[in-house]
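Novice: build me a structure from this.
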Amino acid sequence: MEGRLLIVILVSLSSWLSAGLTHVQPDFNDVTRNLERHHRIKDVQCPDPQDILPCVCIYEDVSDGLVLDCSQVQDEEQLAEIFLADFPSKTFQVLNIINNTGLRLLEDGVFQDISFSEIYIQNSALEEVRDDALSSSFSTVNVLNFQDSQVFSFPFHRLQEFTILHSLYFERNTLHYLSILVSSSLKRLYLSENPLGTATGDTFKNLTVIAVINLDSTLITELIPGVFDELEMLQELSLVMNHISLVPTGAFNLTFSTAPSVRIDLASNNIDKVEEGAFSERKMWPAEEQHQPAVHLVHVQMSLGLKNKNISTD
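Specialist: Residues are numbered from 1 along each chain as shown. Below you'll find the model as predicted:
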């Protein structure tokens, strides 16, 4: 104990003497980081504020990029006019259009050549997103969030062109139909509280890295076997508060899964029968190394909304 205390005192004394005799040397790593940040800020410049009113552009330290807020835009015409202005920087981190009641349509090419990494159009009157409305961000956007809007039309058939999109939020909109979804990047898909009805067998099968699908309150009445097959990375599937009464054989075939566990939530439905083989899971995965015990690959956690507690799941 005494030895440790002595070391601390000596180090402190040495530091004090050094400070008195020499100048403190700069931390060149800090200098380099500050220079790099300065150059980034210099490289990313906002447009003239007067040219993009009522949009507002700021540099945000948290995201280390430009944020464009167009929440006060009046209509489609004004939004299109704003993006005809001179934008010194073409790459933005975030686009926000929040609590907007004037914008109902995103026209083809509305953002010109300006791209975004994250787009949030929430609690809005937006109803339709045209096929090429987001084309300038096909290769840059990783989050699309349209929560609490009125969207009934979105180019889902072009989903694969969003090459790094990993999260798509459409909770509480008015989507009635999903085309076949194709993506090698999408990991999270939230579609709760849309009047979708029953999904077809091919709707999700081409989402090759999907981990989370939320279909709560989407008016699903029937589980069609095969809809959730071949989703190797699936970890969570939520079907809460629908109108499902039967879980048929083959409804959830998880023999393809490579995830360590899969949570399937069917709470708050009207289920009165679960057929034998409704949940097919691959129980064991051969060990990669000799003498190493095999591990459980898939453990299904079920939350069933059963009408009758005495229902048999044969």
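
Novice: what ranges do the helices span in this structure?
Specialist: All helices of the chain, identified by DSSP state H, fall at 2-21, 28-43, 76-82.

Novice: what pairs with the strand ranked longest in the chain, parallel or antiparallel?
Specialist: For the chain, the strand that runs over the most residues, judged by DSSP state E, is strand 262-271. The sheet places strand 262-271 alongside strand 236-238 (parallel), strand 300-306 (parallel), with pairing taken from DSSP bridges.

Novice: among the ones you listed, show the one with the smallest mean pLDDT.
Specialist: Within the strands paired with strand 262-271, the least confident segment by mean pLDDT turns out to be strand 300-306, at a mean of 53.

Novice: next, give phi and psi for residue 195.
Specialist: phi -80, psi 60 (degrees, to the nearest 10).

Novice: pLDDT value on it, please?
Specialist: Reported pLDDT at residue 195 in the predicted model: 97.

Novice: just residue 282 next, same as before
Specialist: In the predicted model, residue 282 carries a pLDDT score of 55.

Novice: out of the helices and strands in the chain, which is least certain?
Specialist: Ranking every helix and strand in the chain by mean pLDDT, DSSP states H and E puts strand 295-296 at the bottom, with a mean of 29.

Novice: domain boundaries for this protein, per the record?
Specialist: The record's domain split for the chain, according to automatic domain parsing, is 30-175, 177-314.

Novice: how about stretch 46-54 as PDB, C-alpha atoms only?
Specialist: Provided in PDB are the C-alpha atoms of stretch 46-54 (Å, rounded to 0.1, in the frame of the first residue of the first chain):
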ATOM      1  CA  CYS A  46     -25.300  24.900 -46.100                       C
ATOM      2  CA  PRO A  47     -27.000  26.800 -48.900                       C
ATOM      3  CA  ASP A  48     -27.800  30.500 -48.400                       C
ATOM      4  CA  PRO A  49     -30.500  30.500 -45.800                       C
ATOM      5  CA  GLN A  50     -32.700  32.900 -47.800                       C
ATOM      6  CA  ASP A  51     -32.600  30.600 -50.800                       C
ATOM      7  CA  ILE A  52     -34.200  27.600 -49.000                       C
ATOM      8  CA  LEU A  53     -36.800  29.200 -46.700                       C
ATOM      9  CA  PRO A  54     -38.800  27.900 -45.000                       C
END
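
Novice: touching that stretch from outside, list them.
Specialist: By CB atoms under 8 Å, 6 or more residues apart in numbering, the list of residues contacting stretch 46-54 from outside reads 56-59, 66, 68, 70, 72-74, 78, 82, 85-89. Bear in mind the C-beta positions are built from the backbone N, C-alpha and C, glycine included.

Novice: just the buried residues of those residues.
Specialist: Neighbour-count burial within the contacts of stretch 46-54 applies to 57, 59, 66, 68, 70, 73, 78, 82, 87; the criterion is 16 or more other CB atoms under 10 Å.

Novice: just give the nearest non-adjacent residue to the first one, would you?
Specialist: Right, the one you point to is residue 57. Taking CB to CB, 6 or more residues apart in numbering as the measure, residue 57 lies nearest to residue 46, with 3.7 Å between them; neighbours along the chain are not counted.

Novice: I'd like to know how many residues surround that neighbour.
Specialist: The number of residues packed near residue 46 is 19, by other CB atoms under 10 Å.

Novice: please compute how far the longest strand of the chain lies from its chain's middle.
Specialist: Counting by CA atoms, centre = their mean, to the nearest Å, strand 262-271 is centred 22 Å from the centre of its parent chain.

Novice: same question, stretch 107-117
Specialist: Averaging C-alpha positions (CA atoms, centre = their mean) puts stretch 107-117 20 Å from its chain's average.
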